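Asker: Just the structure for this:
(one chain, ligands or ions: 2)
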Amino acid sequence: MDEQQEMKVKNPWHRPHIFLATTGIAVAIIIMVSIAVVQNKPLHQKYKYGIVLDAGSSHTSVYIYEWPAEKENNTGMVRQKHACSVKGKGISSYSKTPEKAGESLKECMDEAKKTIPKHRHHETPVYLGATAGMRLLKMENDVDSINVLASVEKSLQTYPFSYQGARIITGQEEGAFGWITVNYLSENFRKATGTEGALDLGGASTQITFVSGQKMESPDDSIDFRLYGNDYRLYTHSFLCYGKDQVLKLYLEQQIQPKPNMTDNIILEDPCFHPGYNVAKNFQSVFDSPCVKKFTNSQKEHNFRHRGIGNWTKCNEAIKKVFNTSHCRYSRCSFNDVFQPPVQGKFGAFSAYFFVMNFLKVTNYHSLVEAKKILDAYCTTPWDTLKQKHPDVKEKYLAEYCFSGTYIISLLEDGYKFTADDWKNTKFIKTIKDSEAGWTLGYMLNLTNMIPAEAPDTPLLPHGGYVSLMTVLSLLIIVCIILGCIFFRRPSGPAHKEII
Ligand SMILES: Nc1nc2c(ncn2[C@@H]2O[C@H](COP(=O)(O)OP(=O)(O)OP(=O)(O)O)[C@@H](O)[C@H]2O)c(=O)[nH]1
Ligand SMILES: [Ca+2]
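Answerer: Ligands and ions are numbered 1, 2, ... in the order given. Predicted coordinates for the structure are as follows:
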């Protein structure tokens, strides 16, 4: 046997069938792994979309949400893609010109058409939920509220999306869905730390919602959810007329005693407005709401002078009077004879809670005592000084921060009975992971059944782990085959030679 022939015998790779078989197995494994990887994760992530219009008392916002198409039931997957603020006031302000309510939505809905890919338009649901402004209009004039809703419905139906209805949501829904939004975005439904309560302060109503283990004495304020395999018993209450715009009317109404013969010479010296603030206001424009009923129509024709005196202690005392705590038919109440169990846990406070406290730079890092000191200093600041310091802030907002901030602290402390520790457990928030806190996301998740009652099965391994494991295993198999070929076929000592 010459040298070249001996080499061929010793090295199995020189046998074509072994070489071909091994290469074939290796290629097959690589193909198998590639198919498994590609099937487990599509090359292009597919997104779905949903639109919710928040028709609030002061304004309307259009929110566009998006989520990966194949992960609808996982917690925290839906996020806000875009938000558009509708120009002008809330839809209830169009009670006498209802056709304008629908028209007002055009700009933001056109924007939605551009934001959502065209091939998804027809399957994108659109919901409109109206809150306290429309609740008040319905109380005042049912026909007007129906006409406004018909107008927005007509407008939304002209778009290529899947229209799912426009309605006035209840205060209970508003509170509960705000709580779902906060806890969904914070992924609390699957954490051992539990959920946090939700505090929403709007223009016309305010909501408080939290999990309570106490006996619920008023069924209207209780709601049960089963989410991701856990049961939650929520306490939720919405106070109509206790949003920051309407409560200002309640407060002002208490400051002015109506007289049979009203004149234009009435001066209101107001401790919640700044020294130097001096504005002529019309009774009709201030008291144009079913929340205030003290003045007759002829009395409302007059003007009054609204003069600030900037005294926080007096302001705080006066604001407390908007909460009626003299009567409670339950074992315990917040105010106005409304049942409320003791507050528990952490709270996320959003909407006007955030706008006001963010401007005043009051956070939960300040103690309740420090927060009051900040407000005291703000309320006594002369009006001219403030205007010079904040030329870019809307004057209406600037003038009302003293009242609103004092009201927020009083609502928490005197209304909901927050202690100094509860205050420390309260965060003022606008967004969670870039999605706005509010009832709209929770409302859509509920209506699209995107929060399952039971926890969905999760893969044992995340995608990255799965890919790594498959690759390592494949390499291991290839190495084993190669080694196997070498060792089993290698000629070993004299026995081998004999065979040859
Ligand atoms: N300071 C300040 N106030 C704001 C801002 N945006 C809205 N507000 C006011 O904050 C209050 C609450 O606003 P929203 O939460 O939008 O209230 P809404 O949804 O219209 O009212 P509801 O129907 O009662 O929920 C209203 O009095 C608004 O005028 C802002 O950017 N800064
Ligand atoms: Ca609102």
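Asker: give me phi/psi at Leu483?
Answerer: Note on Leu483: backbone dihedrals following degrees, to the nearest 10 are phi -60, psi -40.
Asker: And it, how close does it get to Thr22?
Answerer: The gap separating Leu483 from Thr22 is 11 Å, by Cβ to Cβ, to the nearest Å. All C-beta atoms are positioned from the backbone trio N, CA, C, and that covers glycine.
Asker: do Val338 as well
Answerer: Val338 is 78 Å from Thr22, where distance means Cβ to Cβ.
Asker: Then Tyr378?
Answerer: Plainly put, Tyr378 is 80 Å away from Thr22 if you go by Cβ to Cβ.
Asker: again with Asn358
Answerer: Distance, Asn358 to Thr22, using Cβ to Cβ: 67 Å.
Asker: Could you count how many residues lie near the closest residue to ligand 2 within the stretch 301-450 of the chain?
Answerer: The nearest approach of the stretch 301-450 of the chain to ligand 2 comes at Ser351, 5.6 Å away (Cβ to the ion). By other Cβ atoms under 10 Å, the residues close to Ser351 number 25.
Asker: was I right about it contacting Ala198?
Answerer: No. The pair Ser351 / Ala198 is not scored as a contact, 10.2 Å apart, by Cβ atoms under 8 Å.
Asker: returning to what we had before: so which of Leu483 and Thr22 has more stuff around it?
Answerer: Comparing Leu483 with Thr22 by neighbour count (other Cβ under 10 Å), the higher total belongs to Thr22, at 17 against 10.
Asker: these two touch, right, the more buried one and Ile481?
Answerer: Yes. Thr22 lies in contact with Ile481 (Cβ under 8 Å); the separation is 5.6 Å.
Asker: check contacts around whichever residue of the stretch 51-200 of the chain sits closest to ligand 2.
Answerer: Nearest residue of the stretch 51-200 of the chain to ligand 2: Gly56, at 4.1 Å (Cβ to the ion). By Cβ atoms under 8 Å, 6 or more residues apart in numbering, the contact set of Gly56 is 90, 130-133, 202-204.
Asker: Keep only those residues that also lie close to ligand 1.
Answerer: For ligand 1, the contacts drawn from the contacts of Gly56 by Cβ under 6 Å from any ligand atom are 90, 131-133, 202-204.
Asker: Quickly name whichever of those is closest to ligand 1.
Answerer: Checking these against ligand 1 with Cβ to the nearest ligand atom, the nearest one is Gly202 at 2.2 Å.
Asker: Just the buried positions in stretch 250-269, please.
Answerer: 250-253, 256, 262, 266 (16 or more other Cβ atoms under 10 Å).
Asker: least confident pick among those?
Answerer: pLDDT is lowest at Met262 among the buried residues of stretch 250-269; the value there is 77.
Asker: pretty sure it contacts Asn303?
Answerer: No. At 9.8 Å, Met262 and Asn303 do not qualify as touching, with contact defined as Cβ under 8 Å.
Asker: Now do the shared contacts for those two.
Answerer: Phe283.
Asker: picking that back up, any of the contacts of Gly56 buried? List them.
Answerer: Neighbour counting by 16+ other Cβ under 10 Å classes 90, 130-133, 202-204 among those as buried.
Asker: Cys241 touches Cys291, doesn't it?
Answerer: Yes. Here Cys241 lies in contact with Cys291, judged by Cβ under 8 Å, at a distance of 3.7 Å.
Asker: hey, what's in contact with both of these two?
Answerer: Counting by Cβ under 8 Å, 6+ apart, the residues touching both Cys241 and Cys291 are 136, 204, 250.
Asker: mind listing which of those residues are in helices?
Answerer: Secondary structure from DSSP state H places 136, 250 of the shared contacts of Cys241 and Cys291 in helices.
Asker: Under the pLDDT cut-off, which ranges of the stretch 401-500 of the chain? List them.
Answerer: In the predicted model of the stretch 401-500 of the chain, residues 457-467, 485, 487-500 satisfy pLDDT under 70.
Asker: As a check, name the ranges of all helices in it.
Answerer: With DSSP state H, counting those that start in this stretch as the criterion, the stretch 401-500 of the chain has helices at 420-424, 439-447, 463-489, 493-499.
Asker: Quick check: buried residues in the second one?
Answerer: Applying a neighbour-count criterion of 16+ other Cβ under 10 Å, one finds 439-445, 447 buried in helix 439-447.
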